[in-house]
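In: Sequence and computational prediction follow.
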Number of protein chains: 2
Amino acid sequence: MKYQRHNAIRELVAQSLVSNQDELRRRLRRKGFEVTQATLSRDIHELRLSKGPSGYSLPHGSGNGSAPVVVDDGPPSLAEMIESFGLRVRQAMNQVVVGTVMGGAQPVAAALDHEGWPEVVGTVAGDDTVLVICPDIRRASEVESRLRTMLES
Amino acid sequence: MKYQRHNAIRELVAQSLVSNQDELRRRLRRKGFEVTQATLSRDIHELRLSKGPSGYSLPHGSGNGSAPVVVDDGPPSLAEMIESFGLRVRQAMNQVVVGTVMGGAQPVAAALDHEGWPEVVGTVAGDDTVLVICPDIRRASEVESRLRTMLES
DNA sequence: TGCAGCCTTGCATACTTATACAGCCGTAAT
DNA sequence: ATTACGGCTGTATAAGTATGCAAGGCTGCA
């Protein structure tokens, strides 16, 4: 019976607005499926539905609503990156330019972004150059010297 | 302060797995935003995030579950691009940095170029960052607020 | 027939999210 | 300065969702 119920749920969710599990329960009952909220919670989990501002919806694409993103825990330390790939660091106005070995810009920029420094507004990476944008000249100096320290360590 | 918090939330949700509002609260605290779960509930509502098997995620396309059937008219507008891919907008001197989801920088920059704004001297796109160069600080502010409006819509 | 293993479900309850309400703060009009 | 209003927030709590546990029902095997 479970799979028929799953189909009914998919259908209801696709065609109409279902705001919560109790509403879903009542609607299913009208169709002859009589189960409790607990079961629906499990069904929804199995069907990988997601809940947004407009009620429940089917998983996106063929996979699912949101890609399997990596959990935020083990940062590849910026210092290591700079040490491995960095070649030079220079400041220009509110910008800092980091030269790296060929292909090193991307990972360095990513590590820098990951660091989340407030002095960094954003980074743009080419092949061997990372452009770091800072809010102003003072903070660019700040960033420059910090990066330079890593480079020279 | 609310607006910056929204940016931070978008970013966290795009880049990592956020399973619930309390986890979000703890992560935001590390970044300097100290608010309660109630506020986050409201933020999430305003940002129209949805929650699925893999945590919270950004709105899909321009709408969510219920797609407002739209006719395909010409090239996607900048506003749509920003809405789909944009995560944050910040100004630094005469530059504006637009953070996007991975891979979103290129299309956003293209749409921005296509727009032909006189306040935009040029754009450079990385993987997830667009650097917009403006003639001066005043016009950068102009551009920033315009983009921010699109982002917050 | 009796038993073991597995699946599905309901109940009770823990956990998570939303919201009514009130306080605070800044702005604009008086 | 005073008052009125509106936005943002925290507190307390209601509303909604997930899950440990145990019961009941299959199936396959001795």
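Out: Ah, there it is.
In: which bits of chain A sit near DNA strand C?
Out: Residues of chain A lying near DNA strand C by Cβ under 7 Å from any atom of the strand: A:1-2, A:5, A:34-39, A:42. To be clear about C-beta, it is placed using only N, CA and C from the backbone, and glycine gets the same treatment.
In: Most neighbours among these, please name it.
Out: When neighbours are counted by other Cβ atoms under 10 Å in any protein chain shown, A:Arg5 leads these with 18 neighbours.
In: Secondary structure element holding it?
Out: Here A:Arg5, judged by DSSP states H and E, is contained in helix A:2-15.
In: in the sheet, who's paired with A:Thr129?
Out: Taking DSSP bridges as the rule, A:Thr129 bridges to A:Gly99.
In: So it sits against A:Val101, correct?
Out: No: between A:Thr129 and A:Val101 there is no contact under Cβ atoms under 8 Å: 10.9 Å.
In: Which one of the two is surrounded by more residues?
Out: When A:Thr129 and A:Val101 are compared for neighbours, A:Thr129 comes out ahead with 17 against 13, by other Cβ under 10 Å.
In: show me the contacts for that one.
Out: A:Thr129 sits next to A:97-100, A:105 when contact means Cβ atoms under 8 Å, 6 or more residues apart in numbering or on different chains.
In: swap in A:Ser41?
Out: Residues in contact with A:Ser41 (Cβ under 8 Å, 6+ apart) are A:Gln21.
In: residue ranges of the helices in chain A, please?
Out: Taking DSSP state H as the test, the helices found in chain A are A:2-15, A:21-30, A:37-47, A:78-85, A:105-115, A:137-152.
In: would you turn the residues of chain A next to DNA strand C into TSV with distance to B:Val143 and pLDDT?
Out: What follows is the residues of chain A next to DNA strand C, written out as TSV (distance: Cβ to Cβ, whole Å; pLDDT from 0 to 100):
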residue	distance to B:Val143	pLDDT
A:Met1	58	78
A:Lys2	55	83
A:Arg5	52	92
A:Glu34	58	86
A:Val35	54	91
A:Thr36	54	92
A:Gln37	49	93
A:Ala38	52	92
A:Thr39	53	94
A:Arg42	49	92
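In: so which of the contacts of A:Thr129 is the most crowded?
Out: The contacts of A:Thr129, ranked by neighbours (other Cβ under 10 Å): first place A:Val98, 28 neighbours.
In: Could you check the pLDDT of the closest residue to it other than its chain neighbours?
Out: Residue nearest to A:Val98 in three dimensions, not counting chain neighbours: A:Val130, with 4.3 Å by Cβ to Cβ, 6 or more residues apart in numbering or on different chains. At A:Val130, the pLDDT value in this model is 93.
In: for A:Glu119, what are its contacts?
Out: A:134-135, A:139-140, A:142-143.
In: how does it look with 7 Å?
Out: A:134-135, A:139, A:142-143 (Cβ atoms under 7 Å, 6 or more residues apart in numbering or on different chains).
In: Most neighbours among those residues, which one is it?
Out: Comparing the contacts of A:Glu119 by number of neighbours (other Cβ under 10 Å), A:Cys134 comes first, having 26 neighbours.
In: Look up how far chain B lies from that residue.
Out: Here the distance between A:Cys134 and chain B works out to 6 Å (Cβ to the nearest Cβ, to the nearest Å).
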